[in-house]
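# sequence and predicted model, in that order:
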Amino acid sequence: MSQAHRTAAEPIAPSSRPMRAWQRKALSRYLAAGPQDFLAVATPGAGKTAFALRVAAELLADRTITHLTVVAPTEHLKYQWSQAAAAVGIALDPEFRNSAGGTSSDYTGIAVTYAGVAAHPALHRLRTENRRTLVVLDEIHHAGDARSWGDAVKEAFEPAVRRLALTGTPFRSDDNPIPFVDYLPDSAGALRSRSDHSYGYAEALADGVVRPVVFLAYSGVSSWRTSAGEEMTARLGEPLTAEQTARAWRTALDPGGEWVTAVLAAADKRLSGHRAGGMPDAGGLVIASDQTTARAYAAILTEVTGTPPVLVLSDEAGSSERIARFSASTDRWMVAVRMVSEGVDVPRLAVGVYATSASTPLFFAQAIGRFVRSRRPGETASVFVPSVPVLLGLASELEAQRDHVLGEPHRPKEGWDDDELAAANRQADEPGEDEPSFTALGANAELDQLIYEGTSFSADEEDYLGLPGLLEPDQVRTLLGKRQSEWLSRSARTAPAVTPPPPAERPAQSVRERIAALRKELNTLVALHHHRTNTPHGKIHNELRTRCGGPPTAMANMEQLEERIATLRSWR
């Protein structure tokens, strides 16, 4: 009998596959303690699945357990777990259905979703009671998504001999405790989750387990019309209200505008840079907000590249196969909505476009986790994002680890509320809305800054799109610093003081070009001041508006732009 078809009664020898240092340390800790519950927090791409399967193999081999149940967030991940388990001699049934109630005795266990457990917790409790079971709760934070899911997980798996909880993303902060997770009071008196083993992105990067990530943040001027018929303009990355930022952001993501087309073209050029620079099979992923925009982005990529991308719209039949085919191919692009944001393993993904308005730390970390998995030394990842304060903050804090804190909002404390964001994002073409908030008119795009290891770099787009795909973290740091110094030196030499002609002499046809030149000069000076003082770009723009008066840069006239340029030059 093949190892993949052992019965549940047969012991399975632990896999001889080499383990990473963090996995060995966590396994030693687990086997020494023999706990009923164990929470392992490890950054995406670190190898949580391999660790969990090694634990399962050890427990099956010494007869501590006879059965394995894996609970995953999505249908696709059930099959991914089944394939990984088969590779180490554990047969998991990913097609288990509550209606059947059982599976073949050839299987050592089953893989189910949290939704499947919530649909019939009593059935899963009975299965757990009747077998010595290890339950692996993959991305355990999902058990806190709704109280009903948490209650179902607790009911179903309370009788388990062992429970192993895994997560690779920042926990939410809310009022729903996650089952089988310990909470301890922190210095402020709040209850904070306690992990049994943690392995963060910074440690994994130092160990060469994950890739370094370079974020390319694109700003641009967005224009929209309010429900009252007023046309508004704002620039991404400047100090704006939450409503203005949300609408400028949504307008930039509108597939009918210039922003998305320009960013997708730049991302495709960056993908060519990865392929020419050491990663010949590098792939790209566009993460869209919904199915309609995903289809539109796919059409734009077809025009840009000449080849239709792989389109994955939902957790529907055939989606897992399309992802698997893309992973095994050398196709350039895949466009997806949310199902590829968590847990999906496509190791060759090296370029991402974050074309969604989702802004929670949890979702952002899940999305970036798709690009950090390292296959060989020196691979880097490039992720294109809108230049929005909340995303820039999350990009700068990629190495931060967060626990689950009860009783605190999980949103950043800058007024980003889910309901407010949804209302601000509402458009005229959305059904079921009596009073649409706004209609996107258009947006352009330009590279605002790069973020690497929490440091911001400013430069021209062409300086970075052709960087090699194979660079060690210290080489990335050195190269970005060199390009930054060259750009600052070049900008300081070539940015002349502007002496505009008198208003009466300005030809009407040159106004647009004149304003664009002044904006570019102002942004160059802001970047120079940022690198002299380490003051964020947005704060510099805000200080200039406070001193000089007037609207945001996107709505400022030539005289106002000239005054800000002169003021900023005086700060040297």
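Everything's here; your move.

# can you name the residues in contact with stretch 460-467?
Taking contacts as Cβ atoms under 8 Å, 6 or more residues apart in numbering, the residues outside stretch 460-467 that touch it are 214, 216, 266, 269-270, 272-273, 276-277, 380, 382, 446-447, 450, 479, 483, 486-487. For every residue, glycine as well, the C-beta is placed using N, CA and C.

# which of these fall within strands?
Secondary structure of these is defined by DSSP state E; positions in strands are 214, 216, 382, 446-447, 450.

# and which of those residues is nearest V88?
Minimum separation from V88 among the ones in strands among the contacts of stretch 460-467 (Cβ to Cβ) is found for S382, which lies at 32.8 Å.

# could you give the number of residues near the closest one?
S382 has 28 neighbours, counted by other Cβ atoms under 10 Å.

# and it, bridged to which residues?
V214, V351 (DSSP bridges).

# now the one 4 residues further on
Taking DSSP bridges, one finds Y218 as the beta-bridge partners of P386.

# who's in contact with it?
With contacts taken as Cβ under 8 Å, 6+ apart, P386 has the following neighbours: 217-219, 236, 249, 252-253, 354.

# among those residues, which one has the lowest pLDDT?
Minimum pLDDT for these is recorded at L236 (84).

# if I look at that one, how far off is L31?
Using Cβ to Cβ, to the nearest Å, one gets 51 Å for the distance from L236 to L31.

# between those two, tell me which one has more neighbours.
The residue with the greater number of neighbours, taking L236 and L31 and applying other Cβ under 10 Å, is L236; the counts read 27 against 12.

# would you confirm that that one contacts Q244?
No. Counting by Cβ atoms under 8 Å, L236 sits too far from Q244 to count as a contact (10.1 Å).

# ok, the ones in strands among the contacts of stretch 460-467 vs S193, which is closest?
V214 (30.8 Å).

# any idea how far L471 is from the closest one?
As it turns out, when the distance is counted by Cβ to Cβ, V214 lies 9 Å from L471.

# quick check: neighbours shared by these two?
Counting by Cβ under 8 Å, 6+ apart, the contacts common to V214 and L471 are T380.

# so which residues make contact with whichever strand or helix holds D474?
Under the criterion of DSSP states H and E, D474 resides in helix 473-494. Counting contacts by Cβ under 8 Å, 6+ apart, the residues outside helix 473-494 that touch it are 205, 212, 214, 378, 380, 450, 452-453, 457-460, 463-464, 467, 471, 524, 527-528, 531.

# of those, grab the buried ones for PyMOL.
The PyMOL selection below is limited to those of the contacts of helix 473-494 classed as buried (16 or more other Cβ atoms under 10 Å):
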select buried, resi 205+212+214+378+380+450+452+453+457+458+459+463+464+467+471+524+527+528+531
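
# return the subset of the contacts of helix 473-494 lying in helices.
Using DSSP state H to define helices, the subset of the contacts of helix 473-494 located there is 205, 524, 527-528, 531.

# which pair in those spans the largest distance?
Longest distance between any two of the ones in helices among the contacts of helix 473-494 is 31.6 Å, between L205 and T524; criterion Cβ to Cβ.

# how near is R375 to L166?
Shown here: R375 relative to L166, a distance of 21 Å by Cβ to Cβ.

# of these two, who's got more company?
In this comparison of R375 against L166, neighbours counted by other Cβ under 10 Å, the higher total goes to L166 at 22 against 12.

# got a list of what the more buried one touches?
For L166, the set of contacting residues under the criterion of Cβ under 8 Å, 6+ apart consists of 39-40, 42, 48, 51-52, 136-140.

# so where is this structure shaky, pLDDT-wise?
Applying pLDDT under 70 to the predicted model, the residue ranges of the chain that meet it are 1-17, 145-146, 170-175, 314-317, 338-344, 399-436, 459, 488, 490-510, 572.

# could you chop it up by domain?
Following automatic domain parsing, the chain resolves into domains at 3-205, 211-400+410-445, 486-570.

# okay, the ones you listed in a markdown table with distance to Q475 next?
Written out in a markdown table, the entries for these read as follows (distance: least, Cβ to Cβ, whole Å):
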| stretch | distance to Q475 |
| --- | --- |
| domain 3-205 | 13 |
| domain 211-400+410-445 | 8 |
| domain 486-570 | 16 |
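
# so the residue nearest to the spatial centre of the chain, which of the three states?
Nearest to the centroid of the C-alpha atoms of the chain, with distances taken as Cα atoms, centre = their mean, sits A367, at 2.4 Å. Under the three-state scheme (DSSP: H, G, I helix; E, B strand; the rest coil), the conformation of A367 reads as helix.

# quick one: contacts for it?
Contact criterion Cβ under 8 Å, 6+ apart gives 287, 341, 352, 354, 356, 358 as the residues in contact with A367.

# out of the ones in helices among the contacts of helix 473-494, which comes closest to V390?
A527 (20.9 Å).

# excluding chain neighbours, what is closest to that closest one?
Of all residues not flanking A527 in the chain, S458 sits nearest, at 3.6 Å (Cβ to Cβ, 6 or more residues apart in numbering).

# mind jotting down where the strands sit in the stretch 101-250 of the chain?
With strands called from DSSP state E, counting those that start in this stretch, the stretch 101-250 of the chain shows them at 109-113, 133-137, 162-167, 173-174, 182-185, 191-194, 197-199, 213-226, 231-236.

# so which of the ones you listed gets nearest A86?
If you check each of those against A86 by Cβ to Cβ, strand 109-113 wins as the nearest, at 11.1 Å.
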